[in-house]
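[1] prediction below, plus the sequence it came from.
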Amino acid sequence: MIVRWAVARDCYRDSVALLAVSARLAAAAGVSRASVAMATPANVTAALEAGAVGPVDAGPTDVLVLVVADSEQVAETALADGLAALTATVDHGAAGSGSAPDEPATCIADALAGRPEGRAPSVALISVPGPFAAAEARKALDAGLHVMIFSDNVPVEAEVELKRLGRSRGLLVMGPDCGTSILDGMPLAFANVVRRGPVGLVGASGTGLQEVSTQLDRLGIGVSQLIGTGGRDLSPAVGGSSTVDALRLLGTDPATEVVVVVSKPPDEAVARRVLEVAGSLGKPVVAVLLGADVAAMAPAGVHGATTLAEAALVAAQLAGAPAPACDASGGTDPADTAATSRGDAGGQLDSGQRRWLRGLFSGGTLGYEAQLVLRDLGVTVASNAPAPGSVRLGVGAAPEGHVVVDLGADEFTDGRPHPMIDPATRDRWVAEALEDPTVSVVLLDVVLGHGASGDPVAGLVPLLASRPPGPEVVAHVCGTDADPVPRRIVVDALRRAGVRVAVSNADAAQLAASCLAAQGSRS
Amino acid sequence: MSEMQGAGLFGPSPLGVLNVGLSGFAGAVEAAGGRVSPVAWRPPAGADPDRAWRLAVALADAEVDAANATAVAAFLAADPVLVDVSSAASVIPALGDGARRLLHAGPPIDYAAMCGPMQGALVGAVLFEGWAADPDAAAALLRDGAVATEPCHHHGAVGPMAGVVSPSMPMWVVEDRSSGRRSFSSLNEGLGAVLRFGANGPEVLDRLAWMRDELGPVLASTLGVTRSGEAGGLPLRPIMAQALHMGDEVHNRNAAATGLLLRRLLPDLLASGAPVASLGRVATFIGGNDHFFLNLSMAACKAMLRAAEGVPHSTMVTTMARNGVQFGIRVSGGGDRWFEATAPVVDGLFFPGFGPQDAAADLGDSAITETAGLGGFAMAAAPAIAQFVGGTPADAVANSRRMQRIGIDRNPAFTLPPLGFASTVAGIDVRRVLDGGVLPVINTGIAHRAAGVGQIGAGITTAPMGCFLAAFDALFPASRS
């Protein structure tokens, strides 16, 4: 038998803790006896009696570890094990004690601390006030997380820096000002409940992505991934950094068979670069860069589309949608013809008086697309967010002529919720338009999905139902029947209030233009 | 251009989402089968966006992490051993050069600006040293600067409450065995009318004289015997570690530690050669004061924290101290600079007849224990302390667990039974205080605002954020671009 001892100096452990270490050492193969005890004179004497070779220079503030084993090696291993157990730092982390409830983490580091491997989050969704968002995104990137920044009002220099940092670490930065993403079926921020399927979407435009994904859903085609990259990603300063990265991710994602890239008008050089990457994915790509001539720039394998609905249709066909589902005709829902029109264009009032269109949008990209559709039909509008061919409407200027207003623009959301969350601002504008004797058509959108208002037409429906004869009202409801507020219910409510509801945003704009034309032909 | 790896963005396992901001986004993820880790976010870094960005950069600064590791390693390696009791004049050069100088608690402050208890204590110390005949004359000397005052912390010393030290007072001498450096604290006078609460009447001065003439010398002889033993003194960490397992947090509760100290000293006391009557008075004095160990705990903590001072770039807090007007901290990478904010008023349990309106603001060097991860940080070990604010043992545990969030590392020397024997915090990180907004919790006594009334309660407070913001700005200045 081999007897060995060691001392942990100035180490206090209570008797229970010491017994626990003793038991652990004694359980090792080849150890016949182990004693871990404060080195009181009595314990030192006991150790010497057990065969320890003295002198044992230890005192009552030290812990004496004594091992009796059948080999030198076993004894030394047990001693090392005992000393390690005595001097180890104990860290139970967040799981430490059952006696006090976990207090909520107040910062990213605390939320991530103590999470076991494999249970850690992989993406951070950041929706703090804009001036603080970049700092939180930076912390998330430093922790190895992909980042989606919902917040807006983040300086563009910070966006460039974050995307540079993310790219250097192989992490995707979605945003800032990224309203929607769906990753592996998981909705982040504003997202519609769409079926899962083979089409992967990338876009710098939140409501643009929502429109394409819900149109795909209507056509019976599902979404693999939907990646928002932030409203400024395709600007010259940012250079499409995240859009390019997201395209490459979809290129290697086995669930994605067809890719759609969506944007408001990008910088042309950036657009060329994005399309070049899109053409290199080895998968069919549909590009809808609103207002840009994709066909002129796109490499082989990239299909251009001019509207969001068209992009969805082309993608659905590429994904093998059954022909009957591919309703290329667009137009209004079948039931629309049954709607009671309360429009009075050319009726009692002087036919020359009602002639203007009011487009009142909560979705920025939807308003933008509407302007382009109207432009192509010969209707020139003014807008606070003008598309090419539109006239700039000054902030606070009274609307005159054909007007399309983006009610989600900064001047309307400063200190107020976005109209997708709280439609009060939109409802006020609609009320004014209805009372305006020069307005012929009111065109609006209702955007559904996670994060959106729980009752988006609560104010609108009574307003419309009780209105005296006046302008035609045309609407598009962007959503699906699986959304938290089902599209069908909203559409029915609007129809009962005399609204003409189209199946897509582009069709709604077209319908509005045809109302204007009809009114014009009667005058 | 590096390739996007997309690690974990898409994959077979359900997506885990860290939700920072709007809590409403969590529901949709959970409904879809995803895991959400919520952050109850509040604006960090004093709600200053520029500082918040600098903080994010600083949190990822490897140089700072390395500096903190160095500072913490030195803190953990320090081995405080009680070696002597000796007059302040003999161990603190600034009190032994014949100049009329006194030490006080907290960051520097002019006499005129001091709180009542500190002024009262300084007056008492002037009288005790015989530099003035009456309180008015003593106050005049202090006002005129004829008697200088400096912080204890500038001289390797600490004192509870007013923390006043004069040249002839006996001091605990605690040696850090890893560096040989010595730190000091006064001896605890007990409760009631005592100098540290600003009392300066005959009863107080008589006790101080007895401590100087009998208690100090007897303890000095006793420790002479102790020094001749194997350890060459009395190692303090084991006593503190054991006390943590006996219901003390060695700041506001020292009952177990005082008993352990007396038990350890008793044989050497008896061997010191002091007359039996003298031994009786000394043993009675120590045994009658549940807080007798406090000053030793403070000196031990000071010794450990001094080892961590002066590491460039380190954000480890090395001092937290209050003078009854200002709360000041010092940081390892910040040199000797104090970073200050207004001292808070303590939330606590008041003795009958007193209330918050009677209280002085937070006072004393005893927050050195929290700086070392004890006191409020170790409250779980001393559930009785939570009663000072009407709390429960669960609250005490919650406080200790919350403090773990602002720690740089853990201290294997000290463990907390109610936390499953988790180790105490080793080093407060200024960056982490700013990030989560979790402020250091301090257990402390409450002094009456008027000099000499004494202790009127005890309770719990937190270090003010302003100190940590100022320290951060000094270490990570805003760019001048």
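    All right, it came through fine.
[2] pLDDT weak spots in chain B?
    For chain B, applying pLDDT under 70 flags the ranges B:1-8, B:12-14, B:388-390, B:480-481.
[3] any idea which residue sits dead centre in it?
    Geometric centre of chain B, nearest residue: residue B:368, 1.8 Å, by CA atoms, centre = their mean.
[4] tell me where the stretch 51-200 of chain B has helices.
    For the stretch 51-200 of chain B, the helices defined by DSSP state H, counting those that start in this stretch cover B:62-77, B:88-91, B:116-128, B:135-144.
[5] residues touching whichever strand in chain B runs longest, excluding its own?
    What stands out as the longest strand in chain B, according to DSSP state E, is strand B:407-416. Strand B:407-416 has contacts (CB atoms under 8 Å, 6 or more residues apart in numbering or on different chains) with A:10-11, A:87-91, B:68-69, B:71-72, B:75-76, B:237, B:240-241, B:244-245, B:316, B:373-374, B:378, B:380-381, B:400, B:404, B:421-429, B:432. The way it works is simple: take the backbone N, C-alpha and C, and place the C-beta from them, glycine included.
[6] if we go to 6 Å?
    Contact with strand B:407-416 is made by A:87, A:89-91, B:68, B:72, B:237, B:241, B:244, B:316, B:373, B:378, B:380-381, B:400, B:421-427, B:429, as judged by CB atoms under 6 Å, 6 or more residues apart in numbering or on different chains.
[7] also stretch B:51-64?
    A:132, A:135, A:138, A:139, A:142, B:44, B:45, B:313, B:315, B:431, B:434, B:476.
[8] give me that answer again for 8 Å
    A:109, A:131-132, A:134-136, A:138-139, A:142, A:158, B:43-45, B:313-315, B:333, B:431, B:434-435, B:469, B:472-473, B:475-476, B:478.
[9] buried residues in that stretch?
    B:51, B:52, B:53, B:54, B:55, B:56, B:58, B:59, B:60, B:61, B:64 (16 or more other CB atoms under 10 Å in any protein chain shown).
[10] which stretches of the stretch 51-200 of chain A have low pLDDT?
    For the stretch 51-200 of chain A, the stretches with pLDDT under 70 are A:89-101, A:114-118.
[11] can you identify each of the strands in it by residue range?
    Remark: strands assigned in the stretch 51-200 of chain A by DSSP state E, counting those that start in this stretch are A:63-69, A:123-126, A:146-149, A:173-174, A:180-183, A:186-189, A:196-203.
[12] again with the stretch 201-350 of chain B
    All strands of the stretch 201-350 of chain B, identified by DSSP E, counting those that start in this stretch, fall at B:234-235, B:317-323, B:326-331, B:339-342, B:347-350.
[13] what pairs with the helix or strand hosting residue A:3, parallel or antiparallel?
    Element membership for residue A:3 (DSSP states H and E) is strand A:2-8. Applying DSSP bridges, strand A:2-8 is found paired with strand A:63-69 (antiparallel).
[14] check what contacts the strand it pairs with and list those residues.
    Contacts of strand A:63-69 (CB under 8 Å, 6+ apart): A:1-8, A:11, A:13, A:18, A:21, A:25, A:30-39, A:43-44, A:47, A:50-52, A:56, A:58, A:75, A:78-79, A:82-83, A:86.
[15] now the buried members of those residues.
    Buried by 16+ other CB under 10 Å: A:2-8, A:11, A:13, A:18, A:21, A:25, A:31, A:34-39, A:43-44, A:47, A:52, A:56, A:58, A:75, A:78-79, A:82-83, A:86, out of those.
[16] how near is the closest residue to residue B:359 other than its chain neighbours to chain A?
    Leaving aside its sequence neighbours, residue B:359 sits nearest to residue B:446 (CB to CB, 6 or more residues apart in numbering or on different chains; 5.0 Å). Applying CB to the nearest CB, to the nearest Å, the value for residue B:446 to chain A is 26 Å.
[17] correct me, but residue B:446 touches residue B:455?
    Yes. Under the criterion of CB atoms under 8 Å, residue B:446 makes contact with residue B:455 at 6.7 Å.
[18] looking at those two, which is more packed in?
    Remark: of residue B:446 and residue B:455, residue B:446 carries more neighbours, 29 against 19, as counted by other CB atoms under 10 Å in any protein chain shown.
[19] doesn't the more buried one lie inside a strand?
    Yes. Counting by DSSP: H, G, I helix; E, B strand; the rest coil, residue B:446 falls inside a strand.
[20] partner residues bridging it?
    The residues listed as beta-bridge partners of residue B:446 by DSSP bridges are residue B:457.
[21] orientation of whichever helix or strand residue A:273 is part of relative to strand A:196-203 in degrees?
    Per DSSP H and E: residue A:273 is located in helix A:268-279. Here helix A:268-279 runs at 160 degrees with respect to strand A:196-203, directions being taken by axes from the mean of the first three to the mean of the last three CA atoms, to 10 degrees.
[22] quick one: mean pLDDT for helix A:268-279?
    Averaged over helix A:268-279, pLDDT sits at 92.
[23] does anything pack onto that helix? Which helices or strands?
    helix A:241-252, strand A:258-263, strand A:285-289, helix A:294-297, strand A:302-304 (3 or more CB pairs under 8 Å, 6 or more residues apart in numbering or on different chains; DSSP states H and E).
[24] residues touching residue B:438, list them.
    Applying CB under 8 Å, 6+ apart to residue B:438 gives the contacts A:106, B:402, B:403, B:405, B:406, B:432.
[25] if we use 7 Å, what do you get?
    A:106, B:402, B:405, B:406 (CB atoms under 7 Å, 6 or more residues apart in numbering or on different chains).
[26] and if you look at residue A:30?
    Counting by CB under 7 Å, 6+ apart, residue A:30 touches A:69, A:70, A:71, A:74.
[27] show me the chain divided up by domain.
    Just going to use chain A. In terms of domains, chain A is parsed into A:2-87, A:178-325, A:334-522 (source: automatic domain parsing).
[28] my question was about chain B
    Domain ranges of chain B: B:12-42, B:62-75+B:307-475, B:79-298, per automatic domain parsing.
[29] pick the most deeply packed of the ones you listed.
    Stretch with highest mean neighbour count among those: domain B:62-75+B:307-475 (a mean of 23; mean count of other CB atoms under 10 Å in any protein chain shown).
[30] just the endpoints, please. Distance across that one?
    14 Å (CA to CA, to the nearest Å).
[31] repeat for stretch A:452-471
    End-to-end distance (CA to CA), stretch A:452-471: 27 Å.
[32] could you tell me which strands the one helix or strand residue A:36 maps to is paired with, and in which direction each runs?
    Taking DSSP H and E as the definition, residue A:36 sits inside strand A:31-38. Applying DSSP bridges, strand A:31-38 is found paired with strand A:63-69 (antiparallel).
[33] return the residues of the stretch 401-523 of chain A in contact with chain B.
    Residues of the stretch 401-523 of chain A lying near chain B by CB under 7 Å from any CB of the partner chain: A:450, A:451.
[34] please name the residues that touch the residue of the stretch 351-500 of chain A found nearest chain B.
    Residue of the stretch 351-500 of chain A nearest chain B, by CB to the nearest CB: residue A:450 (4.0 Å). By CB under 7 Å, 6+ apart, the contact set of residue A:450 is A:187, A:190, A:191, A:484, B:28.
[35] so what pLDDT did it get?
    Residue A:450 is assigned a predicted lDDT (pLDDT) of 92.
[36] who does it bridge with?
    Legend: beta-bridge partners of residue A:450 under DSSP bridges are residue A:191.
[37] near chain A, which residues of the stretch 301-450 of chain B show up?
    Listed as neighbours of chain A in the stretch 301-450 of chain B under the rule CB under 7 Å from any CB: B:394, B:397-398, B:401-402, B:405, B:410, B:412, B:415, B:418-423, B:432, B:435-438.
[38] please see if stretch B:462-479 touches chain A.
    No. Judged by CB under 7 Å from any CB, stretch B:462-479 and chain A are separated, with a smallest distance of 12.6 Å.
[39] please compute how far that stretch lies from its chain's middle.
    Put simply, stretch B:462-479 sits 19 Å off its chain's centre (CA atoms, centre = their mean, to the nearest Å).
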